[in-house]
Structures are given as C-alpha cells and as structure tokens.
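**Q** show me the folded form of this:
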Amino acid sequence: MTQIIVARHGETEWNVSEIFRGRRDIGLNETGIKQAELLGDYLIDLKIEAIYSSPLKRALDTARSVAKHHGLDVNVAPGLVDFNYGVWEGLTHQEVRDKYRGLYERWLKEPRLVKIPEGESLDEVRERAKSVVDRVVPKHSGTVVLVSHRVVNKVLICSMLGLDNSHFWDIRQDLGGITVFEYEGGRYTLIKHNDTSYLSQVQQHTLNDF
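**A** Below you'll find the predicted structure:
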C-alpha cells in the first residue's frame, strides 16, 4: 500500500491580494514560511520515502521544509507546476471579473469547458498531474508527498476520486492544506481532506477559495 499526501504550498502575498499567480514564480511570504515549517513538523514522524514538487519557488520551499526532516532531496516534477492562467496572470480577481466578464462567469459555472487565452484547460492540467501520480505510485510502497498548487491539487483530487472536472468547485484545499489517499489494488481511498489543524498556532488571513 502507498500513502499519498497531496499538499498545497503556503501563503504568498499574491494569495492575500487575490492576484492570479499561475506560472509567476512568487515566493512564500512570512506567514507562508511559517506554514511550511509547521507542515514539516507535522509530518516529522512519518516514514516518508519521497517528496515531489512543482518547480515554482512557493511549492519547492514548502516541500523542502518537509524534506529536511527526512534526509531527502525534493524531486522536481514539472507536471505539478501551477495552472497556466494565460492572460489572467498578474491580474487581480477584480480586474479579471471586469475585463473578462463573460469568460470569468463561465469559469465559475463550467470550469471544465474553459481554456483561458494563452493558458490551458483543466483537462490539460489533469493529464499532466495524473501522469506524475501514475509514474510515482508504482515506485513506492510507503508514504509519498506531492506539493503543488490550488488548481492542480483540486483537479488531481477529483481524478483520484473518479470525478470529472465539473466537480472542480466542489473541492476546496486551503493554503497549507493536506489531503491524504491510500492506494492499493488500483484504488485510491480518501483518508483525510484539507487538514490544516497543524496551523492553529500561526495567525493567518481568512481567504476565499483562491
């Protein structure tokens, strides 16, 4: 049996300001650094075999906070890189609502049908992220940690639950949240979802699903 921990990186200033991040290499802010440290402490007693991360700094630094307790290097997995928001990247939530009103409304109602100009679709995210899991799981029989981003993790969780991307808005994973699956006999079983209990000692912003 393989245990898979799907972790979202810690907080950045662009999360707080509700700016679409995508492939922009935004680092953790002070709160995010603390969240990453607490995640490392929370997972310290697990026998983690391997850690895989998006190549973006906010995810890598979160992953390294876990890896340092286990004498592991972080494996960079390009398939876990953040969603390509295309022309939305670097814009605030309000700017996107105002400038791309029709597309934004469709994103809220039918996200699986949206491909943002110069960006990608949820189906494309699903294909690349699931390929990482399909490659990683057979290589391990213990605990594996995957550190990625909101959109990627939501799509990946849907995939592992056998749900299509129309359920994108039915899944929420907060900054620093971890979701745990067990894999055995070709089946993924959800054990825990969006666990942020270990973050109680750090003062955090109350953020939307963004």
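**Q** what helices or strands is the longest helix belonging to the chain leaning on?
**A** When the chain is parsed with DSSP state H, its longest helix is helix 122-136. Under the contact criterion of 3 or more Cβ pairs under 8 Å, 6 or more residues apart in numbering; DSSP states H and E, helix 122-136 touches strand 48-53, strand 143-148, helix 150-160. Yep, even glycine has a C-beta here, placed from its N, CA and C like the rest.
**Q** 7 Å instead?
**A** Judged by 3 or more Cβ pairs under 7 Å, 6 or more residues apart in numbering; DSSP states H and E, the packing partners of helix 122-136 are helix 150-160.
**Q** contacts for the helix it packs on, please.
**A** With Cβ atoms under 7 Å, 6 or more residues apart in numbering as the test, helix 150-160 has contacts from 6, 8, 80, 82-83, 122, 125-126, 129-130, 133, 164-165, 167-168, 171, 173, 179, 181, 188.
**Q** now do the buried residues in the longest helix of the chain.
**A** If you call a residue buried by 16 or more other Cβ atoms under 10 Å, then helix 122-136 has these buried ones: L122, V125, R126, R128, A129, V132, V133, V136.
**Q** which one of those residues is nearest R21?
**A** V125 (14.2 Å; Cβ to Cβ).
**Q** burial of Q201, as a residue count?
**A** 7 (other Cβ atoms under 10 Å).
**Q** from Q173, how far out is it?
**A** 20 Å (Cβ to Cβ, to the nearest Å).
**Q** what do you get for L39?
**A** 13 Å.
**Q** find the centremost residue of the chain, please.
**A** H149 (2.7 Å; Cα atoms, centre = their mean).
**Q** can you tell me how far that one sits from H140?
**A** From H149 over to H140 the distance is 22 Å, taken as Cβ to Cβ.
**Q** and stretch 118-126, how far from the chain's centre?
**A** On the basis of Cα atoms, centre = their mean, to the nearest Å, stretch 118-126 sits 15 Å off its chain's mean C-alpha point.
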